[in-house]
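> here is my input; please provide its structure:
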Amino acid sequence: MSAKLLTFLLNGGTYLAIVPPLNKQNNYKYKFYVYAMSAFISGSVIATLFFKDFYADFVLIKKAVCIVEDIFLLSLNLHILNIFGLRRREQWSALIECFKATENLVLVELNKRKVPYYLGFVIANIVHFSIAVYEYFFWTQSIGLSFIKKYFNRYLQMYLNFYCIFLLCVVTNMILLRYKGFKATLRTQTHTHLNKNSLLNLISKVEKTMYSLKKIVDLYNTMFGWTLFLIISLTTIQILNYIDFIIFYTQVEAGSVQIVLLSLAIITWVFSGALVLILLCSFVEQEVEEIVLLTYDIRLRVAGKINLEGYKMQEFTNFVNKNLPSFTAANFFHIGRSTILNMLSTVSTFIIILIQFRKQ
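Next comes the predicted model:
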């Protein structure tokens, strides 16, 4: 299912200029399309900043938060278009080849799956566009056409962000499925009778598989490290910004229920994308920890029973430990469940600062 969905997303990503056409080496039309899209987004961001008068109505700290959010959103868009979608053709091809080489690890009972592979993507799009359309009409009716001049480009930017996060979730889930399948296979084989030859064969398979999967994770970090960093940073600043909007409107306006509910919906949707992506990375590492325990179980079970050199088993477990996957955001920080707490801690700290500045 994930393989079909990935193919579908890669084809769709080509039209959005965020995934290069993998079957064409020199596509000048596509390059022109990417550069034109980048120029349009950059120019529209500059134009809207002038229409917003650089947030002149906001207090200094709030103005800084809004400008930083615009910078992160623009940086993510330009990175997606010019790096993610233009200079990653070889890495995309290598990643797909690695997925094909490890397809046998995926344990999926296709006959029992009656849900179309694209259903999750369709539902996610419905939620995304529902929130976006409601926000657009609400603010247009509230403040008039000036909202269009100030934010007409934001919806394209946010959809590129949404599409990129969904694509990364699918890729990460494909890695997770392979580690799950490998763990299930290894658990089955550890409960069978092991002699010296079968044990050597099992060790060889485990080492080969662990190396292949670690290669996929390393390629993942190389391709998407900066993308993950920008996504997490942007999500944090967006949550901070919308929470501050909620606090502001609940204090100054009595009839602000719609604004509060809209802001809560946006916070939930923005945070859920980053949350799922981070949890998928964490689940992969959790599966690997269980695989390591299985390898130690093999080592303990055969100790003293099979005439095999002790250093061979020690080399085996050391090899497994050296090939543990780790997801990083451009080598700035490790991505795991602690990342979620760090994001929320950052938001809480800056919310207090924003409130103090507004009181002054």
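
> make it CA atoms for all contacts and neighbour counts henceforth
Noted.

> C-terminal to the longest helix that the chain contains, what's the next element?
In the chain, taking DSSP state H as the definition, the longest helix is helix 196-252. Proceeding N to C from helix 196-252, the next assigned helix or strand is helix 257-302, under DSSP states H and E.

> so where's the chain uncertain?
Applying pLDDT under 70 to the predicted model, the residue ranges of the chain that meet it are 1, 24-26, 54, 107-114, 192-197, 252-255, 302-313, 359-360.

> need the CA coordinates for stretch 166-174. CSV is fine.
Coordinates of the C-alpha atoms in stretch 166-174 are reproduced here as CSV (Å, rounded to 0.1, in the frame of the first residue of the first chain):
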residue,chain,number,x,y,z
PHE,A,166,2.5,13.9,4.2
LEU,A,167,5.2,12.6,1.7
LEU,A,168,7.7,12.4,4.5
CYS,A,169,5.2,10.5,6.7
VAL,A,170,4.7,7.9,3.9
VAL,A,171,8.4,7.5,3.4
THR,A,172,9.0,7.1,7.1
ASN,A,173,6.2,4.6,7.4
MET,A,174,7.7,2.5,4.6
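
> give me the contact list for it.
With contact meaning CA atoms under 8 Å, 6 or more residues apart in numbering, stretch 166-174 is reached by Ser2, Ala3, Leu5, Leu6, Leu9, Phe99, Phe121, Gly273, Val276, Leu277, Leu280, Cys281.

> now with 7 Å, please.
Identification of contacts with stretch 166-174 by CA atoms under 7 Å, 6 or more residues apart in numbering yields Ser2, Leu6, Leu9, Leu277, Leu280, Cys281.

> buried ones only from those residues, please, as a PyMOL command.
To isolate the buried members of these in PyMOL, using 16 or more other CA atoms under 10 Å:
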select buried, resi 6+9+277+280+281
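
> out of the contacts of stretch 166-174, flag the one nearest to Leu95.
Distance to Leu95 across the contacts of stretch 166-174 (CA to CA) is lowest for Leu6, with 11.5 Å.

> and the helix or strand where the closest one lies, which residues are buried?
Secondary-structure assignment from DSSP H and E places Leu6 in helix 2-15. The neighbour-count criterion (16+ other CA under 10 Å) identifies Ala3, Leu5, Leu6, Leu9, Leu10, Gly13, Thr14 as the buried residues of helix 2-15.

> could I get those residues as CSV with distance to Val68?
Formatted as CSV, the buried residues of helix 2-15 follow (distance: CA to CA, whole Å):
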residue, distance to Val68
Ala3, 36
Leu5, 34
Leu6, 32
Leu9, 30
Leu10, 30
Gly13, 27
Thr14, 29
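
> quick check, nearest of the residues you listed to His191?
When the buried residues of helix 2-15 are compared for distance to His191, the smallest value, 30.6 Å, is given by Ala3; criterion: CA to CA.

> element containing the nearest residue to the closest one once chain neighbours are set aside, please.
In space, not counting the residues next to it along the chain, Ala3 is nearest to Met174; the distance is 7.6 Å by CA to CA, 6 or more residues apart in numbering. Met174 is part of helix 154-190 when elements are defined by DSSP H and E.

> buried sites along that helix?
Of the residues in helix 154-190, those buried by neighbour count under the rule 16+ other CA under 10 Å are 154, 157-183, 186-187, 190.

> then stretch 324-332?
When neighbours are counted by 16+ other CA under 10 Å, the buried residues of stretch 324-332 are found to be Leu324, Pro325, Ser326, Phe327, Thr328, Ala329, Ala330.

> tell me the one of the residues you listed nearest Val257?
When the buried residues of stretch 324-332 are compared for distance to Val257 (CA to CA), Ala329 wins out at 37.1 Å.
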